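J.: Structural data only, the sequence is not supplied:
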């Protein structure tokens, strides 16, 4: 099979697994919000809501809609940092962390197949 077709089929499989495990729906906005929040935690960043919104290439209105939904459904959480407690900070919830680890397990074979083909 041609490498390009294998790559495209792999992307379809990754998208399908992502849709099963994360609340991404038809938009990449929630996916990008979740990944940014998780990466902020992993990098030890004290990610503010303002910084999160500024880091994404979407309108504030689009981000706000999905962000509020992710907060209300427990995918993201607010927390107070060590410094100014008036500033809202966001972090990945345990629910998100668990699902991302599961997603990693499920898509790892797809990446192995890409390397061997």
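T.: Received, thanks. Nothing here was measured: the structure is a model prediction, and the numbers come from that model.
J.: the helices in this protein, which residues?
T.: 3-21, 29-42, 49-55, 60-72, 94-116 (DSSP state H).
J.: Check which helices and strands the second one sits against.
T.: In terms of contact count using 3 or more Cβ pairs under 8 Å, 6 or more residues apart in numbering; DSSP states H and E, helix 29-42 is assigned the packing partners helix 49-55, helix 60-72, strand 76-79, strand 89-92, helix 94-116. C-beta: built from backbone N, CA, C; applies to glycine.
J.: how about 7 Å then?
T.: helix 49-55, helix 60-72, strand 89-92, helix 94-116 (3 or more Cβ pairs under 7 Å, 6 or more residues apart in numbering; DSSP states H and E).
J.: out of the ones you listed, deepest packed?
T.: Ranked by mean neighbour count under mean count of other Cβ atoms under 10 Å, these are led by strand 89-92, which reaches a mean of 22.
J.: How far off centre is that strand?
T.: 12 Å (Cα atoms, centre = their mean, to the nearest Å).
J.: on contacts alone, who are the packing partners of that strand?
T.: Short answer (3+ Cβ pairs under 7 Å, 6+ apart): strand 89-92 packs on helix 29-42, strand 76-79.
J.: okay, the ones you listed, which one's buried deepest?
T.: When these are compared using mean count of other Cβ under 10 Å, helix 29-42 is most buried, at a mean of 19.
J.: what does that one contact?
T.: 18, 22-24, 47, 52, 55-56, 58, 62-63, 66-67, 70, 75-76, 90-92, 96, 100 (Cβ atoms under 7 Å, 6 or more residues apart in numbering).
J.: before we move on, what about stretch 2-17?
T.: Taking Cβ under 7 Å, 6+ apart as the rule, stretch 2-17 contacts 103, 106, 107, 110, 113, 114, 117.
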